[in-house]
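Novice: Show me the folded form of this:
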Amino acid sequence: MKRRELSTTYCPVGRASAEIVDGWTFVILRELAFGNDRFNGLLAQTRMSPRSLSMRLQALEKSGIINRTPDPSDARTAIYATTEKGQALWPVLVHLNDWGSRFCGPWEDDTPPVRNLHRDSGAPVSVRVVRADTSAEVTPEELRTEMAQRYRDERAANREG
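Specialist: Numbers count the residues shown, from 1 in each chain. As a prediction, the model looks like this:
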C-alpha cells in the first residue's frame, strides 16, 4: 500500500496516520501547546524550512487539526490554534513525550527536557489505557482487538494480492 492510499483503508490507524501527515505534526502540535502560535515562532522552534512548515500547516488545516485566523494586530500574520480534532490528539502528544523521555535519552542529570505536570498540584501527568467501565489500567496482554467484517475482508484481500 502506498502512503497516499492510507486515507482510503478501512483501518482507523491507517486513516489517522494519513491525516497526521508525518512526524513534524507532533512537533508543530507541541509548539502550539507551548503557546507558540505564529508562523515565525513555529519556524524558529521547529527549524523547518519555510516551505515545509507552510505545506504542513496547510495540510493540518485542510484535515481540520488546526485552524488559521488573521492576527487582529497585524494583518500580515496569522494565529494558529488546534481545533477540537487537534486537541483530541493531546493524550498522544503527552504519551509521545513520556515515551521519548524514557527511551530517547540520555538526558543531562537524567532529567527529561519536558515534564507534564498538573497545573494546580504540580503532580506528574501520564496517559494510561484503562477499562471504560471501571477505569482499571489495562496491560497489552489483557487487550483483545475486534475487527469489523469489512476490515477483515480488506486484510484478506491484501494477503491475496
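Novice: neighbours around F103, how many?
Specialist: By other CB atoms under 10 Å, 7 other residues sit near F103. In short, each C-beta sits where N, CA and C put it, glycine included.
Novice: what ranges do the helices span in this structure?
Specialist: Remark: helices assigned in the chain by DSSP state H are 12-20, 24-33, 39-46, 50-62, 84-87, 90-103, 149-160.
Novice: ranking those helices by burial, who's on top?
Specialist: helix 24-33 (a mean of 19; mean count of other CB atoms under 10 Å).
Novice: Show me what that helix is packed against.
Specialist: Packed against helix 24-33 by the contact rule (3 or more CB pairs under 8 Å, 6 or more residues apart in numbering; DSSP states H and E) you find helix 39-46, helix 50-62, strand 74-82, helix 90-103.
Novice: Looking at the helices of the chain, which is nearest to D133?
Specialist: Counting by CB to CB, D133 lies closest to helix 90-103 out of the helices of the chain; the figure is 19.1 Å.
Novice: That closest one versus helix 24-33: what angle between them?
Specialist: Per axes from the mean of the first three to the mean of the last three CA atoms, to 10 degrees, the angle that helix 90-103 makes with helix 24-33 is 100 degrees.
Novice: Using CSV, write out the CA atom coordinates for helix 90-103.
Specialist: What follows is helix 90-103, C-alpha atoms only, in CSV (Å, rounded to 0.1, in the frame of the first residue of the first chain):
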residue,chain,number,x,y,z
TRP,A,90,-3.2,15.8,23.3
PRO,A,91,-3.1,12.4,25.0
VAL,A,92,-1.0,11.2,22.1
LEU,A,93,1.4,14.2,22.5
VAL,A,94,1.7,13.6,26.3
HIS,A,95,2.4,9.9,25.8
LEU,A,96,4.9,10.6,23.0
ASN,A,97,6.7,13.0,25.3
ASP,A,98,6.8,10.4,28.1
TRP,A,99,7.9,7.7,25.7
GLY,A,100,10.7,10.0,24.3
SER,A,101,11.8,10.9,27.8
ARG,A,102,12.1,7.3,28.7
PHE,A,103,13.6,5.8,25.6
